[in-house]
Structures are given as C-alpha cells and as structure tokens.
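S.K.: I'd like to go over a predicted model; first the sequence, then the structure.
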Amino acid sequence: MKRLLFILLASGIVITGAAQTLTQNYMKQIPALPRDSCNISRNSVEDFKSRVEALKEKLDQEIESIKEAVDTQMESNAGKAQENMMKQMSQMYGISNEDMDKMKNAKTMSAADKQAMANKMMQQQANMSMDEAKNLAKMSEAGRQAYAEAYATEAMATAKNDPGQAARNNYASNLYQANVAQQEAYSKLNEINNRIADLYAPVKNDPERQRILDRIDDMNKKRYSMMGILSDGEAQIMDSLTNRIRDERIAYCNKYTPLYRASLRKHLQIVKASLPDYQRFGEISAETTKGQTGIDQPEAGKELASLEAISEYLQALKDAYKFKLHYPEDY
C-alpha cells in the first residue's frame, strides 16, 4: 500500500513538472546577481556574463521558434481565416452570399460596383449612405451630437423590429469589446515597459557619469602620448596619471554599479509581479485572433509577451558590471 502511494505521489510530481510553463521554467533559470559589486575578478565577471548570455541565446531561439510556429499556423490556415472573416462581414453587415462572392473577386469589380457595395454595407450597419457619412464629418460638434442621439433612438427601434439587425449589432459590439480589451492589455504592457525604462534612466542620463568618462579618456590620451623613453620627471607624471585613472575608474564603479544593481532587482520584481498581465495579453490576443479568423494559436504563443520580458531583463542583467572599468589583475 505504501509502495502504491509512493508511485502515485511520484506520478503527481512528474505530471506537475510537465505542466510547468515555459515562463516558469525560464524564470527559475535566471542567474542570481553575484554578491560583490566592484570587488570581483575579471574571470568571475566573464563567467557570470557567459551564463546570462547562454540563457538569453537559448530563450531567444525559443521565442523565434514560437513565432515561426504561430506564423505557420496562420499560413497553413489562410483559407479558413479568409472564409471566417468573410462570414463575419456577412453577419456584421447583412451581406448576401451573392455580394460576398463579388467581394471575393474585388479586382474584377468596377468603381461603381465598389461604391454601391460600400453604400450597401454602410446602410446595413449604420443606416446611412456614404454621402451622409461624409456630411456627418463636416458637421459641428453640436450637430454630430444631435445626429448621434437621433441615430441611437432609431437604431433601438430598428433592433426591436428586426431581429437580424439586433444580432448584427450584438456581433459588432462583441467584436468592439474584444478589441477594447486587447488595447487595454497592450496599454498595460506599455505602462510596465515605461516603469522599467524609468528605473535605468537616472544612471543612463546622469551628466556627471559622462564627465567622469571624459576625464578618464583625456588622462589616457595624455598617458599614451608619453610612451617611450622618459625622464625621471616624466615618469613621475606618467605614474601619477596611471594612479588617477585607476582612482577615477574605481570611483566610477563604486558610484554607479550599486545603483544599476538596485535597478536590476526592481526590474526583476516588476517582471515577476507583471506575469499575470503578460499572460492576459497573450490570452486576449489569441482570443481576438480566433474571433476574427477562427484559428487557434499555439499554446506557447500566449507566453510570448512574458518570454520577451524575461529576455529583456537578461539583456540588462548581462550588463551588470558594465561600470566596472578597473581590474587589479590586469596591471
């Protein structure tokens, strides 16, 4: 009995592991920041960078494979997508099968036929002609408001007497709501990205940081210009320049590396806290695509936003020691 229980528990563990998402898998693989900020050897820095780069390369290949799978899914079902979209247009605008066939061969339609079709669609959906729509655009704000109120009253009356129109209005409303939800999710991702960018802006845009680099560069140029046979006085000047360069480099690392590491920690916290938002965006995008085309997206496609967020963090993490310019072992 105990042996059976152990087997069942072990099976449960395996099943749970198999159900783990790609996002969860890659989150667990992110290398932790080394403890040392500036008191770290070049070999340790290079080892850390290589581990981050290897994981990022693996993740980027995964992302590219998922995108290719999504594209393949869409391309292989292009005919189905076209049929579904035409069907939706028929439902939304109340277009007959005969008119739908004409639209499929739009290249052979004359300008007059296209205008007539556009008028018919506008009349079915909005109960106005194309000319009326153009005139509406020229109205004053008060005129458009009055027209909108009159149109709403008329649309309600029409819907009561015409079940088909009510269904079309409902379909259009559902499509609109889906697009609104997708836009809201996209706006949320933009807000997250802006918060992340703001973390690094103070260090990136600090004018003093560039002034330090300019001073180091000027001293290096002067030092290199003195290479060759030197007098005792010139040798002292060169040694002084070498020490000043070293001190500036150490101060540069001590000032900016801790600030950058703090930004990295906050960046990772934001990514972790935003995983539900990335997932929601993926799910809404997949639902919207299916609603418009009838095509199901690969399940991994829903994780693209979160996987790309991890990739962007790894890119920032790879540069954790970009402000360390001095390595004692190099001298």
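M.R.: Cool, the structure landed. Numbers count the residues shown, from 1 in each chain.
S.K.: Stretch 54-65: which residues count as buried?
M.R.: Neighbour counts using 16 or more other CB atoms under 10 Å place Leu55, Lys56, Leu59, Glu62, Ile63 of stretch 54-65 among the buried residues. Heads up, the C-betas are built off the backbone N, CA and C, glycines and all.
S.K.: send the alpha carbons of that stretch over as PDB?
M.R.: Output of stretch 54-65 as PDB, limited to C-alpha atoms (Å, rounded to 0.1, in the frame of the first residue of the first chain):
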ATOM      1  CA  ALA A  54      23.900  31.400 -22.900                       C
ATOM      2  CA  LEU A  55      20.400  31.500 -21.200                       C
ATOM      3  CA  LYS A  56      19.400  34.600 -23.300                       C
ATOM      4  CA  GLU A  57      20.500  32.900 -26.500                       C
ATOM      5  CA  LYS A  58      18.500  29.800 -25.600                       C
ATOM      6  CA  LEU A  59      15.500  31.800 -24.800                       C
ATOM      7  CA  ASP A  60      15.700  34.000 -27.900                       C
ATOM      8  CA  GLN A  61      15.800  30.800 -30.000                       C
ATOM      9  CA  GLU A  62      12.700  29.500 -28.200                       C
ATOM     10  CA  ILE A  63      10.900  32.800 -28.900                       C
ATOM     11  CA  GLU A  64      11.900  32.700 -32.500                       C
ATOM     12  CA  SER A  65      10.600  29.100 -32.800                       C
END
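S.K.: Correct me if wrong: Asn254 contacts Cys38.
M.R.: Yes. Applying CB atoms under 8 Å as the test, Asn254 and Cys38 come out as touching, 5.7 Å apart.
S.K.: For the stretch 151-300 of the chain, give me the ranges with low pLDDT.
M.R.: 151-176, 229-230 (pLDDT under 70).
S.K.: quick one on the thing from earlier: please say which of Asn254 and Cys38 ends up with more neighbours.
M.R.: Using other CB atoms under 10 Å, the more surrounded residue of Asn254 and Cys38 is Cys38, with 19 against 14.
S.K.: For the more buried one, give me phi and psi.
M.R.: phi -110, psi -20 (degrees, to the nearest 10).
S.K.: What helices and strands are in contact with the helix or strand Ile284 falls within?
M.R.: In this assignment (DSSP states H and E), Ile284 forms part of helix 232-293. In terms of contacts (3 or more CB pairs under 8 Å, 6 or more residues apart in numbering; DSSP states H and E), helix 232-293 is packed against helix 22-29, helix 78-93, helix 163-204, helix 207-225, helix 304-318.
S.K.: Report the contact partners of Glu308.
M.R.: Glu308 makes contact with Ile63 under the criterion CB atoms under 8 Å, 6 or more residues apart in numbering.
S.K.: Next one: it from Ile66, what distance?
M.R.: Distance, Glu308 to Ile66, by CB to CB, to the nearest Å: 10 Å.
S.K.: For Ala273, grab the count of nearby residues.
M.R.: Ala273 has 10 neighbours, counted by other CB under 10 Å.
S.K.: ugh, wrong one, I meant Lys28
M.R.: Lys28 has 8 nearby residues by other CB under 10 Å.
S.K.: any idea what sits nearest Glu287, other than its immediate chain neighbours?
M.R.: Leaving aside its chain neighbours, Glu287 sits nearest to Ala178 (6.8 Å; criterion: CB to CB, 6 or more residues apart in numbering).
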